[in-house]
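> Here's my sequence, what's the structure:
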Amino acid sequence: MADYRLGLHLLTNGKGADAIEELRTAAKLDPKHVDVRSRLARLLAGQNDSKPGEAEGLLIQVIALDPGHADAHFYLGRMLANAGRKAELGYSNKWRGTRANLWPEVW
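Numbering: from 1, shown residues only. Reported below is the predicted structural model:
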């Protein structure tokens, strides 16, 4: 998963746009790698020019592949709450509180 590792390296070095492209490539090469999709979704959600539907779709894919992926439930729930879509929170709210003190700045 060289693209995934390169994406993380780019992200660590402040190159978010390049990291997004590498993670998109990694997601295409390994469609079942849930961590790639989860990381990409979080990056996209933090971009002002991104489409929130893309990040949401990625998180839903992660949950479909791994229903116990706590991070995906957490971030999807956060995304829905921020969008005022509280009626949909039941889907991801079961993981509420698992990362209560780790809210990223982008949310």
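> drop to CA atoms for contacts and neighbour counts, all remaining ones
Fine.
> got the contact list for the residue nearest the centre of the chain?
In the chain, the centroid-proximal residue (C-alpha atoms, centre = their mean) is residue 41; its distance is 2.8 Å. Residues counted as contacts of residue 41 (C-alpha atoms under 8 Å, 6 or more residues apart in numbering) are 54-56, 58-59.
> so who does residue 38 touch?
With C-alpha under 8 Å, 6+ apart, residue 38 has these contacts: 58-59, 62, 71-72.
> The residues you listed: which two are farthest apart?
58 and 71 (12.2 Å; C-alpha to C-alpha).
> And the two? Which one has more around it.
Set side by side, residue 58 and residue 71 show more neighbours around residue 58, with 23 against 20, by other C-alpha atoms under 10 Å.
> Give me the local confidence score for that one.
pLDDT, residue 58: 93.
> got a list of what it touches?
So residue 58 contacts 37-38, 40-41 (C-alpha under 8 Å, 6+ apart).
> so which of these comes closest to residue 27?
residue 37 (6.3 Å).
> what about the helix or strand where that closest one lies, average pLDDT?
Using DSSP states H and E, the element containing residue 37 is helix 34-45. Mean per-residue pLDDT for helix 34-45: 91.
> tilt between whichever helix or strand comes after it and helix 34-45?
Next helix or strand after helix 34-45 toward the C-terminus (DSSP H and E): helix 52-65. If you take axes from the mean of the first three to the mean of the last three C-alpha atoms, to 10 degrees, helix 52-65 sits at 160 degrees to helix 34-45.
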